[in-house]
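Student: Prediction below, plus the sequence it came from.
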Amino acid sequence: MRIRLFYSLVVCLTLVGASAQAVAADDVIAPIHQRFAKANVEETPSFQKHVVPLFGRLGCNGRACHGSFQGQGGFRLSLFGYDFQLDHDALFDKDSPRVDLENPLESLIIAKPIDKDIHEGGMRYEKDSWQYNVIRRWIEAGAEFDKEQVQKLTELKIVPNELLLRETGETVQLKAIAIWADGSQEDVTQLCRFQSNDDQVATIDQNGLLTATNRGDTHLVISYDKAVVPVPVIRPVTDLVGDKYPQVAGRTKVDELVIEKLRKLGVVPSEVCTDAEFLRRVRLDLTGTLPTAKEVEAFLADESSEKRAKKVDELLETPAYTAWWTTKLCDFTGNNAQNLNNTSPIGRNTPSQDWYDWVYRRVEQNVTYDKIVEGIVAGQNMQPDQSYTEYCKMMSDTYRDKDKSYADLPALEYYWSRRDFTNNMEARAIGFAYSFMGLRIQCAQCHKHPFDVWSKDDFHQFKNFFARIQPASQNAPGDYRKEYNKLVEELGVEGKRGNDLRRELPALLKEGKTIPFGAVTTSNRLLRTRAPDEEYPEFDNGKLLGGDVVDVMKVDDPRQVVVDWLRSADNPFFAKAFVNRAWAAYFNAGIVNPPDDLNLANPPSNKALLDYLSKGFIESGFDMKWVHRTIANSDTYQRSWQPNDTNKLDERNFSRAVARRLPAEVAYDAIQQATASNEKAKWLNENIDGRAIAIATAGARTATGNGASFALSVFGKSTRESNCDCDRSSEPSLLQTVFMQNDREVLGLVDANKNTWLDGVARDLKAQQSDDAGTERKIASLESQLTAAEKQLERVEKSKNEQQIAKANARLSQIEKQLDQLNASIAKATAKTDETVDEKINSYIVDAYLRTLSRYPNQNELTRSVAYVHEATDPVEGLGDVLWALINTKEFIVNH
Amino acid sequence: MRIHQTCDGVKRRDFLKVGVLGSAGLTLANYLRLAEAGEIAESARGMSAIFVNLPGGPSHMDTFDLKPNAASEYRGKFNPIDTNVPGIQISEHLPKLAKCMDKFVILRGVSHTLGAHALGQEYVNTGSRPLPSLEYPGYGAVIAKETELKNPTDLPSFVAVPNNPQQRPGFLGVKYAPLNTGATPTVGRTFSVRGISLQGGLTIEQVEKRQSLLSDLDATFRAVESDSQLLDGLDRFSEQAHSIITSKTSRDAFDISKESPAFAEPFGEDPFGASCLLATRLVESGVRFVTLQLGGWDTHQDNWTRLSKGNGRSPGLLPQLDTGLSALLNGLEQKGLLESTAIFVTGEFGRTPKINSRSAEGGRDHYPRCMFMLQAGGSIRGGQALGESDENASMPANEGFTPDDAAASFYHNVGIDHTKEYQTNTGRPIMVVRDGSVIKKMFA
C-alpha cells in the first residue's frame, strides 16, 4: 500500500487564506508517541490534554466499558470524557482507588490495561509502550488535575481538511493539531478518535490512516477534547469531472450550488421533469393535496412559459398549503392532545385545536417565522395592564363569542403546557432545541455529546433559561391566587379542584359567566425540581448554546432572551433548522439528514447550499414563502425521477427526484379525492374541512382505531411524542398494502356508493341502457302486429274475398315497411350506441388516470384497461377494477 | 449514503443494516449465545405467544388470591376451591381452570404504582414503566420484529383480536403494528376480518383478475425498482398482501367454523371463548403473536355479581374467563402447541382489598400495589403459585414481583433476550425490558 499525497480541493485563494494561519512545523509540539517512546521521559503529561483523551482512544470510557452509567468492575469514567473532575475523582475513589501514588506501577490503571491484574477488557496497551509511559509518568508526577486549569481548545486543525480520492486502496494519513487558547500547538493525531461516516467510501483506522473503498462522498469525523471536526471526502462517481463535465446550466442559485457539488462528483443531473410530473409533485409537497383531473388538463393545456412559477404562487394562496404547513409546524412543536390533557377549562381537545388554529391563522397571513416562534416561546396573553380577572373575562369572551377564536390572541401558550415539560426544565431544553434548532442535545444531559461540542455543563447551563416558566396548565398562576379564589367563589364552585371543577366550568361559561383560565407567566420563583440536582444546583446563570452567559434571574423574561438570540443573524441553528426541514419536505432527504439532527459529525451534504438558503431566509425577514418559492422554482426540485448512468445511486446530492411515500394525511386525502365524484373531488381539492391535513392533534395514545385515525396510524402520521421528526413514519408496511388492496374503507370508496366516482359512472351508463330498452319494446310490438296481420291474411285468403285479401296485404306491407324503417333506424342507432359506449369507456379510463396518477395513460395502458373493461361482465365493475388497480400502483402512493 | 448517528456511536445506517439484512443472523447469534449459556430451554425454539389482556383491572382477591380468613370488610363473598394441584386454591367461580391448574403458574403479589387505566395498561403491555417522552413497543411488536424473517409470507405475524389499543409498536415503527380483526368471531360462523376477508361477494377469481390488471398497469418504475428500498419494499408488501388475501392458509386460519365441533365445544359460545379458539388456529397456522381481550373488570360497583353471574347487560366475567382460558390451555395441549406457545394473562392492576360502599353490594377500586398475573406454556413448569401477598392481599408479603419481571419472564419463555438493546428514534439505547429480571422459579 503506498501512501499518496492528498489532493486538496481547496483552490489557491483559500489556500492563501489558510496559510496566513498556518503553523510552521517547528512550533508544533511533536506527537505524543514520539515524546513518550522511551522510559526515561521527563515530561509530565496533562490530565486534560493527554490522559483523558488517551482513555477515549483506548476505549476505556466507552459505553460498553467504564463509560457505562453503572461503571464496570466498580470503576466509572464519564462517557466520552470531558468530565475531568468526575474522572479524576473516580481514579481517587476512597474505597477503591485506581491510582497508587506510593507505588505507581501497582496502580490499577496500569496493572489492569497491561493485563497484569485480571482485566475483563483485556490488554489495552503493552508494558513500556508510549501509552504505558504516559500513564506512568502522570502518576509518578503526582497524578494531578486542577479544575481551574482546564484549557480552552481554540481549534482542532486537520490536515488535509478536504480530500479528493481517485482509486480504491489509495491511502492518506491525516494529521490533527490542537491549537490551545494560550497559542501552544500540539500534534495530537495519536489522541484523536477517527471515524468515517460511510465505510463504503472510505475507511479510517484509529491512527488516522484513511483507505479509499468505493466511489461516492462522505465525511470523516475527528474528535479530540471538546472538538468534533468533519472533513469532507469525495471520490468521483464517474470520469466526468473537471473539463470533462458536460455543460449543465444552473438556472437559479440553488441549481448552481447543487451542480457545483455534482461537478466534483462527476454526477450529471437528470432532465427537468414533465409538466404533469411537476404539477403532481408540487401539489403534494406544497399543499398536501392531489390535483383534480380538470386541474391537470388545464395545466397541461396552458402554453404560457411561466406557468410553473405561476402555479407555485397560486398554490401558496390555497387553504391546503396553510393546513399542510400548519400540520408540519404542529409536528415540530409537538401539538399532542394527550400531552395537553387538563390544560384548558373548556374541554379535552380544545388546546390541541387552539394550537392548530393559532398556527393556521399565522401561516395563512404569512406572518414571519420568527414572529410565530416568538408567540409560541415568549408570548403571553395576559397583558401587562390587565388584572387576572380582566384576563379571564377576555378569555371567557373569546370562547363564548362565535366570531372570536383563540387564533385572535397574541400568544400560543400551550407549548410550555406540554405534559412532558411539567416541572422538568431539562425536558424543556431538549424539546426547545428540537423544535426550533433541529438539535438533539439530550445526549449532553448525561455525558459529553459524542458528535458535537456540547458538554454536560453546556446543557445544564442552557436549561436554566427555562427554569422560570410557569406554564398555563395550572388553574391559576401563583401570583394571582387571591383573584382566582374570588372568581371561583363568585361562580359558586369554591373548594372544587381538578376534574370536579372542570366538569362545572363549561356550563358556567355558556351562562355568560367569567371562568378562571391558566396563564403562562415568568415567575421569580424557580421551578420545583422533582429531585434536587446535586451536580447542577445553581440556577443563576444561563448560557446560550455556543453563545453568551446571561444571569437568568436578572433579566425580565429569559424566554425573550432566547427568542432574540434565535432570530439574531448569526444564530447558527434557527434559520438552518427551518430551511433544512423545508428542504427535506421537498426532497427525499434534508441537506442535513436526518433533518432534525444538526450536529458537527452529521454535516450537510452541501454546505454552500444550506448556507445560501439560511442566509436568504434571514434576509427575507424569515419569510416562509420565500423558502417555498426558492426551492419549488428551482430546476433541482423539478428534476425527473428518471435516472441516468451517473446518478442512479445518488440519494444525497439532489441530482434527480427520488420517490417518496406520501405522508399519512396526504395519502389518506389522496385516496378520498381520487375516488370521489367530480363535485366532491373538486370540493376536497379546494377546501380543508374534513381533510386529514386539517386534523389538529396527533399521537398514538389518542388513536381510536376508527375512521381516519385507523388509516392515519397505519400510514404513520406523526405521533408527536418523542421530540423527533421520525415520529412521522414514511416506511412502507404490510398493513398499508392490505389496507389499500382490501380494506372495507377503501373498497367502499372505489365502489359505486354515494358521492363516489364509480357511482357517477354507473348512473351515466345506465341512462344509456334505458334508451336501448325503449327501442326494443317498439320492435316487439311491431313484430306481434306483423304476426297478427299474417294470420289475418291466411284467414282472408281462404274466404277468397279479394277485397279483403287486398286489404290484408296492404296492412301487411304497411307493417313490414314500418318494421324495415325501425330496423334501419335501430341498426343506425345501435352503431351509434356502440360507438358512444366505447368512447365513454375510453374517456372514463382517461379520467381515472388523471384523477389518480395525474397524467394521461399511454397507449399500452389504455389498450390494456379498455380490454379489461370489455371483458368484464359489467363495464361498471370493470371500471371499478381499473380505479382499484390505479390507486394500488406504486405510482399513486409515492410522490415522484 | 444516509447516516444517522446515535449517542453511543452506532450509526443509524449500520443499525438498519443489522436490522434488515442481519435480523436472522443477529437473532441467531444472540440465540446461540444464550443457548450456549444454557439460558434457553429446548422448547423455546420457534415459539409463538398469546397475550390475554383483561382491561379494567380484575380483582385479585376474588379470583386467584383469595383470603378466606380476612375480616369481612376485605374478604369478599367468594369461597376458594381446591385445584388439581395440592395446596393451591382459587375462586369457586373458576372450576374449569382449577382442573388444569397444573398447566399454568399464578404470580401473586405483583406490585406497581400506576393506578390509572391507561398508564397501567401501557405498563403491563410493554413491561416498562411508561414515559411521556417515549413509547415503548408492546410484546407483539417486539416478537414480530424478532421473528420477521422466519414467518410464513401469507400470514400476518401479529394479530389482535379484536384489537388491543395498548399493544402498539412504539418506537419500533408502524411496520410492527398488529393486524386488528376489528371484531370477535362467533362460534360456528365464518369470520370476516378487516382487510383479509373478501368483502361484498368478491371471489378469488375476481381478485386474481384485478391483481393481474394491477401488475400490468404498475409498470412505471419497473426499471428502477431494484435501486430503491422504498419501491422494492412496496412491491414486496404488495405481493405479500395479495397472498394473504388470496391464500387458503390465511383464510382458513381465521375461519373457526372449520374446527371440529368436538374441539370447539369446550370454548363455549361467548365471544371471548371464540377468540381463544381463533387464537389456537392462528398459532397453529404460524402466526407468532396473538393478543386477546376480555374487558369489563372495572368493578367499582357490584363486584361479585359482575364477576359471577353478570348483571343482565353482560354475562359473568369469571365464567367467561374460566371457559375460554381453560379451553385455550387444553386445546393448545391437544394440538401439541402448548410447549411452543407462551401465554401471558394480566390486567393493569388489582383491586382494593377493602370493600367500598358505592353500591348496596359494594365494589373494589383501582389497586396497583397488589395484583395477580398468569403465565403458561413454553418451558414454564405449571402447577405453581409463586409469590405471596400479605394477610389482606394489600401488599406483597415479601419482595414481590414487578410487571417488568413478568415481562422479562414472558420474553424469556419466547426465547427473546429481554436485555437486548434497541435504538430509539433519537438513538437512545433501550433494553427490551428496562428493569426486569427473569423469575427463574417459573421455569424450574
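Tutor: That came through, no problem.

Student: Give me the spatial nearest neighbour of A:Val555, chain neighbours excluded.
Tutor: A:Val561 (5.5 Å; Cβ to Cβ, 6 or more residues apart in numbering or on different chains). No exception for glycine: its C-beta is placed from N, CA and C like everyone else's.

Student: That neighbour and A:Val550 touch, don't they?
Tutor: Yes - A:Val561 lies in contact with A:Val550 (Cβ atoms under 8 Å); the separation is 5.7 Å.

Student: joint contacts of these two?
Tutor: A:Phe465, A:Gly542, A:Leu544 (Cβ atoms under 8 Å, 6 or more residues apart in numbering or on different chains).

Student: Now do the same contact list for A:Arg656.
Tutor: The contact partners of A:Arg656, taken as Cβ under 8 Å, 6+ apart, are A:Pro269, A:Ser270, A:Arg639, A:Ser640, A:Trp641, A:Gln642, A:Pro643, A:Asn644, A:Asn647, A:Lys648, A:Asp650.

Student: let's see it at 10 Å
Tutor: Residues in contact with A:Arg656 (Cβ atoms under 10 Å, 6 or more residues apart in numbering or on different chains) are A:267-271, A:273, A:588, A:636, A:639-644, A:646-648, A:650, B:224.

Student: Tell me the buried residues within those residues.
Tutor: A:267-270, A:273, A:588, A:636, A:639-643, A:646-648, A:650, B:224 (16 or more other Cβ atoms under 10 Å in any protein chain shown).

Student: could you show me where the strands are in the stretch 451-600 of chain A, in order?
Tutor: A:469-470, A:521-522, A:541-543, A:549-551 (DSSP state E, counting those that start in this stretch).

Student: Also the stretch 651-800 of chain A?
Tutor: A:660-661.

Student: domains of the chain?
Tutor: Just going to use chain A. According to automatic domain parsing, chain A is divided into the following domains: A:12-26+A:151-235, A:31-147, A:366-567, A:662-750, A:757-895.

Student: To clarify, I was referring to chain B.
Tutor: Domain segmentation of chain B under automatic domain parsing yields B:40-190+B:255-443, B:192-254.

Student: quick check, distance from the longest one to the centre of its chain.
Tutor: Relative to the chain's own centre, domain B:40-190+B:255-443 is displaced by 7 Å; criterion: Cα atoms, centre = their mean, to the nearest Å.

Student: any idea whether the residue nearest the centre of chain B is helix, strand or coil?
Tutor: Centroid-nearest residue in chain B: B:Phe51, 1.8 Å away (criterion: Cα atoms, centre = their mean). Under the three-state scheme (DSSP: H, G, I helix; E, B strand; the rest coil), B:Phe51 adopts strand.

Student: That one reaches B:Gly347, doesn't it?
Tutor: No - between B:Phe51 and B:Gly347 there is no contact under Cβ atoms under 10 Å: 11.8 Å.

Student: Find residues that contact each of those two.
Tutor: B:Val124.

Student: could you point out which element follows whichever strand or helix holds A:Asp87?
Tutor: For A:Asp87, the host element (DSSP states H and E) is helix A:84-91. Next along the chain after helix A:84-91, taking DSSP H and E as the criterion, comes helix A:108-111.

Student: What's the first helix or strand after that following helix?
Tutor: helix A:130-140.

Student: Run through the neighbouring helices and strands of the following helix or strand past that following helix.
Tutor: Using DSSP H and E, the helix or strand that follows helix A:130-140 towards the C-terminus is strand A:153-159. Secondary-structure packing of strand A:153-159 (3 or more Cβ pairs under 10 Å, 6 or more residues apart in numbering or on different chains; DSSP states H and E): helix A:12-21, strand A:175-180, strand A:185-187, strand A:216-224, strand A:227-235.

Student: which residues of chain B score low on pLDDT?
Tutor: Along chain B, segments meeting pLDDT under 70 span B:1-45, B:132-133, B:313, B:425-426.

Student: so the residue nearest to B:Leu66 when sequence neighbours are not counted bridges to which residues?
Tutor: Closest residue to B:Leu66 apart from its sequence neighbours, by Cβ to Cβ, 6+ apart: B:Pro80 at 4.5 Å. Applying DSSP bridges to B:Pro80 yields these beta-bridge partners: B:Ser91.

Student: what sits up against stretch A:251-258?
Tutor: Contacts for stretch A:251-258 (Cβ under 10 Å, 6+ apart): A:248-250, A:259, A:269, A:272, A:583, A:591, A:605-613, A:616, A:630-631, A:633-639, A:653-655.

Student: can you tell me which of those are in helices?
Tutor: Judged by DSSP state H, the subset of the contacts of stretch A:251-258 located in helices is A:Ile259, A:Trp583, A:Lys607, A:Ala608, A:Leu609, A:Leu610, A:Asp611, A:Tyr612, A:Leu613, A:Gly616, A:Thr630, A:Ile631.

Student: count of neighbours near residue 240?
Tutor: With no chain named, the answer covers chain A. By other Cβ atoms under 10 Å in any protein chain shown, 18 other residues sit near A:Leu240.

Student: not quite, I wanted chain B
Tutor: 19.

Student: Correct me if wrong: it contacts B:Asp154.
Tutor: Yes - the pair B:Gln240 / B:Asp154 is scored as a contact, 7.4 Å apart, by Cβ under 10 Å.

Student: Next, show the common contact partners of these two.
Tutor: Between them, B:Gln240 and B:Asp154 share the contacting residues B:Ser247, judged by Cβ under 10 Å, 6+ apart.

Student: what about the most centrally placed residue in chain A, distance to A:Pro663?
Tutor: For chain A, A:Asp725 is the residue whose C-alpha lies nearest the centre (Cα atoms, centre = their mean; 4.7 Å). Going from A:Asp725 to A:Pro663 by Cβ to Cβ, to the nearest Å gives 12 Å.

Student: got it, and A:Gly142?
Tutor: Distance, A:Gly142 to A:Pro663, by Cβ to Cβ: 61 Å.

Student: between those two, who's got more neighbours?
Tutor: Between A:Gly142 and A:Pro663, counted using other Cβ under 10 Å, the more crowded position is A:Pro663 (28 against 11).

Student: wait, what's in contact with the more buried one?
Tutor: A:Pro663 neighbours (Cβ under 10 Å, 6+ apart): A:284-285, A:288, A:324, A:327-328, A:331, A:585, A:669, A:692-693, A:712, A:715-718, A:728-730, A:895.

Student: make it 6 Å
Tutor: Applying Cβ atoms under 6 Å, 6 or more residues apart in numbering or on different chains to A:Pro663 gives no contacts.

Student: again, but for A:Val296
Tutor: A:Leu850, A:Ser854.

Student: can you put the strands of the stretch 451-600 of chain A in JSON lines and add mean neighbour count and distance to B:Asp298?
Tutor: What follows is these, written out as JSON lines (neighbours: other Cβ atoms under 10 Å in any protein chain shown; distance: least, Cβ to Cβ, whole Å):
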{"stretch": "strand A:469-470", "mean neighbour count": "20", "distance to B:Asp298": "36"}
{"stretch": "strand A:521-522", "mean neighbour count": "18", "distance to B:Asp298": "39"}
{"stretch": "strand A:541-543", "mean neighbour count": "20", "distance to B:Asp298": "47"}
{"stretch": "strand A:549-551", "mean neighbour count": "14", "distance to B:Asp298": "51"}
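
Student: nearest to chain B, of those?
Tutor: strand A:469-470 (17.4 Å; Cβ to the nearest Cβ).

Student: Can you give me the neighbour number for the closest residue to A:Leu105 other than its chain neighbours?
Tutor: Distances taken as Cβ to Cβ, 6+ apart place A:Arg136 nearest to A:Leu105, at 7.0 Å, with adjacent residues excluded. A:Arg136: 21 surrounding residues under other Cβ under 10 Å.

Student: Quickly note the distance from A:Arg136 to B:Gly76.
Tutor: Where B:Gly76 is concerned, A:Arg136 sits at a distance of 72 Å (Cβ to Cβ).

Student: and what of A:Asp551?
Tutor: 62 Å.

Student: hmm, back to that, take the ones in helices among the contacts of stretch A:251-258 and write them to a markdown table, including neighbour count and pLDDT.
Tutor: Putting these into a markdown table (neighbours: other Cβ atoms under 10 Å in any protein chain shown; pLDDT from 0 to 100) gives the following:
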| residue | neighbour count | pLDDT |
| --- | --- | --- |
| A:Ile259 | 23 | 97 |
| A:Trp583 | 27 | 98 |
| A:Lys607 | 15 | 96 |
| A:Ala608 | 15 | 97 |
| A:Leu609 | 24 | 98 |
| A:Leu610 | 22 | 98 |
| A:Asp611 | 16 | 98 |
| A:Tyr612 | 17 | 98 |
| A:Leu613 | 26 | 98 |
| A:Gly616 | 17 | 98 |
| A:Thr630 | 21 | 98 |
| A:Ile631 | 23 | 98 |
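
Student: That'll do, ta.
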